[in-house]
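Engineer: Fold the following and give me the result.
(one chain, ligands or ions: 1)
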Amino acid sequence: ESTRIDVVTIFPEYLEPLNVSLVGKARARGRLDVHLHDLRSWTHDVHRTVDDTPYGGGPGMVMKPEPWGEALDAVLAAGPADQVPTLVVPTPSGVPFTQELAQELAARPWLAFAPARYEGIDRRVIEEAATRMPVVETSIGDYVLAGGEVAVLVMVEAIARLLPGVLGNAESHRDDSFAPGAMADLLEGPVYTKPAQWRGREVPEVLLSGNHGLIARWRREQAFARTLANRPDLVGRWQLGGFDKKERAA
Ligand code: 6GU
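Structural biologist: The predicted structure follows:
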């Protein structure tokens, strides 16, 4: 019913936006149960050290295994005794975070996020965690962030809006009307609202026509054109199935 989310980070304040807007409301309504943890609370030295130099040499620092091991032990112990979380590790070396993966994760009752700073976490932490719980290493895109915290915000927002009762009715109906994964293949076209004329620019006449068949066809054409222009990589998937049915229906 309520999705539990644990986040272990050296910057809990970076996750403050989880108190705002859609995710904040989902928490206030009891649909999301978010627990933030400071990784440094599982250090034991006076400097609260979480990183060290990489074996084998090279630039940057690597996150030490011991604090992460204790943190994941504590997270496991804090949740329901009959469950384990799915551990989500944001990393540019992970599998792409897609709408499909967001849907899979939204179906799980308990997610634990382990965003890293520096060059990443000692590999043994991920391997040992994987003996105890499902682990997903995932990237939000082909660019490098300074740390995984912002990626956690992205993922939690994408997941939260899929939870039952989080979005308004209009929006959830709209999403339901698409086959699962449809948005991965076709970008949305342009949208307009009142006034019908603004700074000498008109709303496309077809949208004022009241002809819903014509409007649907126009929107489809706009979506095709925008996908061709902005995401030609998606066009290759149009032939491979799933799309014909939607086009016929529309
Ligand atoms: Cl998940 N983390 C970091 N640090 N950089 C990224 C990323 C994640 N996804 C894309 N770039």
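Engineer: Please count neighbours and contacts with C-alpha atoms only from this point.
Structural biologist: Will do.
Engineer: just how off-centre is stretch 67-81 within its chain?
Structural biologist: Stretch 67-81 sits 22 Å away from the centroid of its parent chain (C-alpha atoms, centre = their mean, to the nearest Å).
Engineer: What of stretch 40-51?
Structural biologist: 29 Å.
Engineer: got it, and stretch 70-87?
Structural biologist: Its chain's C-alpha centre and that of stretch 70-87 lie 21 Å apart, by C-alpha atoms, centre = their mean.
Engineer: Then stretch 208-228?
Structural biologist: Computed by C-alpha atoms, centre = their mean, the separation of stretch 208-228 from the middle of its chain amounts to 29 Å.
Engineer: again, but for stretch 195-213
Structural biologist: Relative to its chain's centre, stretch 195-213 lies at 35 Å (C-alpha atoms, centre = their mean).
Engineer: Quick one: mean pLDDT for that stretch?
Structural biologist: Average pLDDT, stretch 195-213: 98.
Engineer: Pull up the distance across that stretch, start to finish.
Structural biologist: End-to-end distance of stretch 195-213: 23 Å, with C-alpha to C-alpha, to the nearest Å as the criterion.
Engineer: Check which residues of it are buried.
Structural biologist: Neighbour-count burial for stretch 195-213, counted by 16 or more other C-alpha atoms under 10 Å, picks out residue 207.
Engineer: helices or strands up against the longest strand anywhere in the chain?
Structural biologist: Counting by DSSP state E, the longest strand found in the chain is strand 86-96. Using 3 or more C-alpha pairs under 8 Å, 6 or more residues apart in numbering; DSSP states H and E, the elements in contact with strand 86-96 are strand 110-113, strand 135-139.
Engineer: residues in contact with it?
Structural biologist: Residues outside strand 86-96 that contact it (C-alpha atoms under 8 Å, 6 or more residues apart in numbering): 108, 110-116, 120, 129, 133-144, 148, 151-152.
Engineer: Now restrict those residues to buried residues only.
Structural biologist: Buried among these by 16+ other C-alpha under 10 Å: 110-116, 120, 129, 135-141, 148, 151-152.
Engineer: What ranges in this protein fall below the confidence cut-off?
Structural biologist: For the chain, the stretches flagged by pLDDT under 70 are 168-184, 240-250.
Engineer: Spell out the residue ranges of the helices in it.
Structural biologist: Using DSSP state H, the helices of the chain run over residues 21-28, 65-78, 99-106, 123-130, 149-160, 169-176, 212-230, 232-235, 243-249.
Engineer: looking at these, which is buried most?
Structural biologist: helix 149-160 (a mean of 20; mean count of other C-alpha atoms under 10 Å).
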